[in-house]
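# What would the 3D arrangement of this be:
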Amino acid sequence: MPEKDKNPVDISNSSTANNYIKRTSNEVDLIIENPKLDIQEESKLPPLDKGYAWVIMFACFINIVFAFGSFSAFGVFQTYYLKITFLNVPAETIAWISTLSIFFTDAGGLLAGPIIRRVGIRYTSILGTVISTIGLVLASFSTKVWQLALTQGLIFGLGCSIIVNIAYTVPALWFNKRRGFAIGTIASGGSFGSLIIVPIVTGISNSYGIGWSFRILAILFFVVTLVGGMLLKPRTEFKPVNKVIEFELLKDPVTIMICIISFFVEIGLCIPMLYFPSSLIDIGVEKDLATNLIMVFSAFSAISRILSGYLAQRISPVNIIIVSNFISGTIMMAMWYTSRSFGVYLAFYILLGMFSIQFFSLGPVMIANYYNDDKISQVNGISYMAMGLAVIVGIPSVGAIFQKYGKRRNYSQIIAITSACYLISIIFLVGLRYYTKKRKSN
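Below you'll find the model as predicted:
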């Protein structure tokens, strides 16, 4: 049970009542603030849900635009590696480039908390910018798979993980009633990033080669995320736990279920992100059109993330994710698995963009609503670590299956895997819904 439930605060005193946070499974009921602050100190703080809170949302949004938007560009790179650069290299070997990039972006977020405690939110975010940019620049000169795995994978991923963790943690300090909308809008940045980054990367790679694609991306990444980092600050003193992993949280059933859901949904989303563009090429679609259709996916997922954040203020985020994951798992088999028609594939990609990403938008909302502020960064990090483990285990295995059984042209096996991942996640989402409801009633 969370710390706040173990040590209930007496809210009969008006001063305490104004500074005590009471969270339910769906929303935050009272003002978010440090219980140690008195009313006079609270009145001196910037207001919640307005004023500089919107600057924070904007800063986190543009950071996510390039942190997660770059992954959509990596889908362009993946297609380029499979079809042009590494034609004689096994698919499972090529898969390690994206695998390490996604893994370190996910798992590396655990480092953010201890760094924030020492140098603060702003300088920690800027550190992530510098590390990520170095990774992209070095990747532009890489010509072998192991070099790209080190630069695009490890170095970029670690820097990016710090930016992502902060972008999903800081809004919880500034938003209360509009928290779901704020985090949903921030999460949509990854989709909007695709609309910006994918055309740039595609055009540059066609005209000047993949090396210059990395260099231009590095310049844009550095400038935008540096500005975003400079705008960040906590609303009041913020000291996250001074541990990479707080093992007590790993015993919490809520954390455990969130990690299991994260594991399966990450595999479920990574497969179509990495392989759907190449499957379009294999049914006769031109390479440029196949990679540019990533923007269609991104546009619908961006709109969907914002709407889901808005709905999460009225409907339980868990219920939204359950419905979305069921639709995602179903359309994998009903549309991608059974058809080779471009029209069906396009409709599938639109629906996938609308429903497959809801956990990535609303998972941070659930965590922020459930845990104390000093635990949010840690639990977000643990959740993303589970996603990183899913990438390490799942993506190379999927690459090996695609190479051995699919012969790099038959996608039926990996489609069945991604469908199963989404449907399995529903079991644990229902368990999470039941457990949190039961704990609330107790």
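
# tell me which residues in stretch 343-360 are buried?
Neighbour counts over stretch 343-360 (16 or more other C-beta atoms under 10 Å) mark 345, 348-360 as buried. In this view, the C-beta of every residue, glycine as well, is placed from N, C-alpha and C.

# Looking at the residues you listed, which is nearest residue 264?
residue 359 (9.5 Å; C-beta to C-beta).

# Pull the contacting residues for the closest one.
261, 262, 265, 321, 324, 325, 425 (C-beta atoms under 8 Å, 6 or more residues apart in numbering).

# on that earlier part again, which of the buried residues of stretch 343-360 fall in helices?
345, 348, 349, 350, 351, 352, 353, 354, 355, 358, 359, 360 (DSSP state H).

# Rebuild the residues you listed as JSON lines, extending it with distance to residue 411.
Conversion of those to JSON lines gives the following (distance: C-beta to C-beta, whole Å):
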{"residue": "345", "distance to residue 411": "11"}
{"residue": "348", "distance to residue 411": "12"}
{"residue": "349", "distance to residue 411": "14"}
{"residue": "350", "distance to residue 411": "19"}
{"residue": "351", "distance to residue 411": "17"}
{"residue": "352", "distance to residue 411": "14"}
{"residue": "353", "distance to residue 411": "18"}
{"residue": "354", "distance to residue 411": "21"}
{"residue": "355", "distance to residue 411": "20"}
{"residue": "358", "distance to residue 411": "24"}
{"residue": "359", "distance to residue 411": "23"}
{"residue": "360", "distance to residue 411": "23"}
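
# center of this structure, which residue is that?
residue 360 (5.1 Å; C-alpha atoms, centre = their mean).

# Next, count neighbours for residue 407.
Residue 407: 9 surrounding residues under other C-beta atoms under 10 Å.

# er, residue 141 actually
Neighbours of residue 141 (other C-beta under 10 Å): 11.

# just to revisit the earlier point, and the buried residues of stretch 343-360, which is closest to residue 339?
Closest to residue 339, out of all of the buried residues of stretch 343-360 and judged by C-beta to C-beta, is residue 345, at 6.8 Å.

# Tell me how many other residues surround the closest residue to that closest one other than its chain neighbours.
Leaving out its chain neighbours, the residue that sits closest to residue 345 by C-beta to C-beta, 6 or more residues apart in numbering is residue 280, at 6.2 Å. A count of neighbours around residue 280, defined by other C-beta under 10 Å, yields 21.

# shouldn't residue 280 be in contact with residue 288?
No: between residue 280 and residue 288 there is no contact under C-beta atoms under 8 Å: 10.9 Å.

# Which strand or helix spans residue 255?
Secondary structure from DSSP states H and E places residue 255 in helix 253-282.

# rewinding a little: what's the farthest-apart pair in the buried residues of stretch 343-360?
Once C-beta to C-beta is applied, those give 345 and 359 as the farthest pair, at 23.5 Å.

# that older thread, for the residue nearest to the centre of the chain, give me its contacts.
Applying C-beta under 8 Å, 6+ apart, we find residue 360 in contact with 187, 190, 265, 269.

# Name the nearest residue to the third one, sequence neighbours excluded.
Taking C-beta to C-beta, 6+ apart, and ignoring the residues beside it in sequence, residue 265 has residue 359 as its nearest neighbour in space, at 4.8 Å.

# What of the first one?
Leaving out its chain neighbours, the residue that sits closest to residue 187 by C-beta to C-beta, 6+ apart is residue 361, at 3.9 Å.

# Just give me the neighbour total for residue 171.
26.

# nope, residue 336 is what I meant
With other C-beta under 10 Å as criterion, residue 336 counts 25.

# and it, how far is that from residue 148?
28 Å (C-beta to C-beta, to the nearest Å).

# now do residue 45
46 Å.

# who has more neighbours, those two?
The neighbour count for residue 45 versus residue 148, taken as other C-beta under 10 Å, is higher for residue 148 (26 against 12).

# list the buried ones in the strand or helix carrying the more buried one?
Counting by DSSP H and E, the element that carries residue 148 is helix 145-148. Buried residues in helix 145-148, counted by 16+ other C-beta under 10 Å: 145, 148.

# that older thread, of the contacts of residue 360, which is the nearest to residue 420?
Using C-beta to C-beta, the contacts of residue 360 come closest to residue 420 at residue 265, 11.9 Å.

# picking up where we left off before, please put the alpha-carbon coordinates of the helix or strand following the helix holding residue 255 into PDB.
Note on helix 253-282: by DSSP H and E, the next helix or strand toward the C-terminus is helix 287-292. In PDB, the C-alpha atoms belonging to helix 287-292 read as follows (Å, rounded to 0.1, in the frame of the first residue of the first chain):
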ATOM      1  CA  LYS A 287       9.500   2.800 -50.200                       C
ATOM      2  CA  ASP A 288       8.900   6.500 -49.800                       C
ATOM      3  CA  LEU A 289       5.100   6.100 -49.400                       C
ATOM      4  CA  ALA A 290       5.600   3.300 -47.000                       C
ATOM      5  CA  THR A 291       7.800   5.300 -44.700                       C
ATOM      6  CA  ASN A 292       5.700   8.500 -45.100                       C
END
